[in-house]
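Engineer: quick one, structure for this:
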Amino acid sequence: MAEKTVKLEIKRQANPEAQAVWEKYELPWKPGMNVISAILEVGFNPVTAEGKPTTPVAYDSNCLEEICGSCAMLINGKARMACSALVDRLEQPIRVEPLSKFPLVRDLQVDRSVLFENLKAVKAWVPIDGTYDLGDGPRQFPQAQEALYPLSNCISCCCCMEACPQFNEETGFVGAATIAQAKLFNEHPTGKVLKEERLRALAGDGGIQECGFAQNCVVVCPKQLPLTNAISDIGRDVMVQKAKDFLRS
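Structural biologist: All right, here's what the predicted structure looks like:
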């Protein structure tokens, strides 16, 4: 009986200026195998299906349990986490390539720092002066905590940005992840002190008005965040803030 194998095709590129090539691999199947473990097998024995020696594939990963968000890549054309993409549930050959909307570093590695720049632009944090003891923080009802908890599960994987048709260089759209975090901190008892600044930032270029509500983001989100709800709520709050600013002027 023939040994069961896994057929893998990986898009390789040594650096951003190099020409991209597809390499094919055929690996021994193992129970519970995911895409990351398949790429690891290539690293243990870097030889293509044609028997040509190659190099281990460069990629990002850390936790291997869909928590860190670092192993996001395109798998069979869909943005998803490689650690939770089980080989037995994927059509073969499994085609793996880097996220397409972020600057390439090498092979499957991309630079996703645009997300963190966007988070800084909307001040997506709770402002705390750590130079002295502030005492107990303000209380928050359990119902409010439960309602907002899903938004805190964002793992910064950028799958929502990759899948969004509006996220590109022309629009400069900040993306669903950034909007969701603005919503999270706007509702936080301490974080809401910066609510007006966040809403004004999202009213500007690349802000909420760039969203076409395609809803691709909520489909691909590995943590099933209520992204479309957050976008709708922030859109309403931005309009209210703009009206307030107009009346004050």
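
Engineer: check the secondary structure at A79 for me.
Structural biologist: Here A79 is strand, with the state taken from DSSP: H, G, I helix; E, B strand; the rest coil.

Engineer: ugh, typo on my part, it should be I231
Structural biologist: Per three-state DSSP, I231 ends up helix.

Engineer: next up, the contacts around it.
Structural biologist: 176, 179-180, 208, 211, 213 (Cβ atoms under 8 Å, 6 or more residues apart in numbering). C-betas here are computed from N, CA, C, even on glycine.

Engineer: residues in contact with the one residue sitting closest to the centre of the chain?
Structural biologist: Compute the mean C-alpha point of the chain, and by Cα atoms, centre = their mean the closest residue is C158, 1.7 Å away. Counting by Cβ under 8 Å, 6+ apart, C158 makes contact with 69, 72, 79, 99, 102, 112, 115, 175, 177.

Engineer: all strands for this structure, in order.
Structural biologist: 5-12, 21-28, 72-75, 78-81, 94-97, 104-106, 109-110 (DSSP state E).

Engineer: how about the least confident helix or strand in the chain by mean pLDDT as PDB, C-alpha atoms only?
Structural biologist: Least confident helix or strand, the chain: helix 142-148 with a mean of 92, by mean pLDDT, DSSP states H and E. Taking only C-alpha atoms (Å, rounded to 0.1, in the frame of the first residue of the first chain), the coordinates of helix 142-148 have been written out as PDB:
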ATOM      1  CA  PRO A 142     -20.000  42.600  34.200                       C
ATOM      2  CA  GLN A 143     -22.500  43.000  31.400                       C
ATOM      3  CA  ALA A 144     -20.400  45.700  29.800                       C
ATOM      4  CA  GLN A 145     -17.300  43.600  30.200                       C
ATOM      5  CA  GLU A 146     -18.900  40.600  28.500                       C
ATOM      6  CA  ALA A 147     -20.100  42.700  25.600                       C
ATOM      7  CA  LEU A 148     -16.700  44.100  24.900                       C
END
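
Engineer: check which residues of it are buried.
Structural biologist: L148 (16 or more other Cβ atoms under 10 Å).

Engineer: who touches it?
Structural biologist: For helix 142-148, the external contacting residues (Cβ under 8 Å, 6+ apart) are 184, 187-188.

Engineer: among the residues you listed, show me the least confident.
Structural biologist: When the contacts of helix 142-148 are sorted by pLDDT, the bottom entry is H188 at 92.

Engineer: for R80, which residues make a bridge with it?
Structural biologist: Beta bridges link R80 to M73 when assigned by DSSP bridges.

Engineer: contacting residues around it?
Structural biologist: Counted by Cβ under 8 Å, 6+ apart, R80 has contacts 72-73, 159, 220, 222.

Engineer: how far away is it from Q109?
Structural biologist: Here R80 is placed at a distance of 16 Å from Q109 (Cβ to Cβ, to the nearest Å).

Engineer: my read: F173 touches G212, true?
Structural biologist: No. Counting by Cβ atoms under 8 Å, F173 does not reach G212; the two are 9.1 Å apart.

Engineer: that concludes my questions; thank you for your assistance.
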